[in-house]
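Asks: Got a predicted structure plus its sequence, pasted below:
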Amino acid sequence: MSLRLNCDLGESFGSWKMGLDEAVMPHIDQANIACGFHAGDPLVLQKTLTLAKQNNVTIGAHPGYPDLVGFGRRTIKATPAELKAMVQYQIAAIDGMAATQGLSLSYVKPHGAMYNDMMADAAVRATIMQAIAEYHRPLVLMLQSTPQAEQLLEEAKAAGIELWFEIFADRCYDDDGKLLARTKPGAVHTKEKMLAQVKQLKDQGTVTTVSGHTLNLRADTLCVHGDNMDGVNAIQEIRELITQ
């Protein structure tokens, strides 16, 4: 299985710092860059794009709900028209900033509550797919891999867009293919379990659930987190694992 590494970056805001972007960027393939609604600002966006260019990293839009205080982790009720407009607005912002540096935006990965709502609510997912499909050039949607991959592919085909399925390296999976809730023990893997999950995914195309069941999941890209040095070190080892 060929896997790419992706990471959420560009999430600092003004004097508030989030993540170790400079340490992470050399080890990843895809950068999901905040567009200013849940995190990021124009200067941070510009600098993150420059960093991605220097490291030959593919860039993606990381739109979220307009919720700087809550870091985009709170659902904001919006009409389909409002949701579509806020997604397209953020895509256009990073797409334009990227173009000034000779870069081309490749995909969209919603952030936080918007991502969770997209996976849980077919109507929200349809609106986000429509927002991407109506953009003036093709963009791929990155979303969570689940046992319902074929259904998601059918939805994307109907909307006229392509999907990249994402697996999480550091999260435990429940038996239904969803991520185990963070409130439950073992929801976030230790470094050892993280590396074991990545190796199993690469070699067998499966993950082991919280109850010990084997789950087949389609995977195009692997999400890693780099907001501390332990995470950065794990990214380095994950890179070695998937390139062996």
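Replies: Received it, and whenever you're ready, just let me know what you need. Please read all numbers here as calculations on a predicted model, not as lab measurements.
Asks: what's the average pLDDT for the helix or strand harbouring A196?
Replies: Assigned by DSSP states H and E, A196 belongs to helix 191-204. Taken as a whole, helix 191-204 carries a mean pLDDT of 91.
Asks: Give me the buried stretch members for the helix or strand that it is followed by, please.
Replies: Per DSSP H and E, the first helix or strand lying C-terminal to helix 191-204 is strand 206-208. Going by neighbour count (16 or more other CB atoms under 10 Å), the buried part of strand 206-208 is 207-208. The C-beta positions use only the backbone N, C-alpha and C, and glycine is treated the same way.
Asks: same thing with stretch 101-112?
Replies: Those would be 103, 105-112, for stretch 101-112 by 16+ other CB under 10 Å.
Asks: Least confident of those?
Replies: Among the buried residues of stretch 101-112, pLDDT bottoms out at G112, giving 92.
Asks: quick revisit: mind putting the buried residues of stretch 101-112 into a markdown table with secondary structure?
Replies: Below are the buried residues of stretch 101-112 laid out as a markdown table (DSSP: H, G, I helix; E, B strand; the rest coil):
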| residue | secondary structure |
| --- | --- |
| L103 | coil |
| L105 | coil |
| S106 | coil |
| Y107 | strand |
| V108 | strand |
| K109 | coil |
| P110 | coil |
| H111 | coil |
| G112 | helix |
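Asks: Make a markdown table from these and add distance to G96 to it.
Replies: Output for the buried residues of stretch 101-112, formatted as a markdown table (distance: CB to CB, whole Å):
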| residue | distance to G96 |
| --- | --- |
| L103 | 11 |
| L105 | 9 |
| S106 | 15 |
| Y107 | 16 |
| V108 | 15 |
| K109 | 18 |
| P110 | 19 |
| H111 | 19 |
| G112 | 23 |
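Asks: Mean pLDDT per helix and strand in this protein: which one sits at the bottom?
Replies: Lowest on mean pLDDT, DSSP states H and E among the helices and strands of the chain sits helix 229-243, with a mean of 83.
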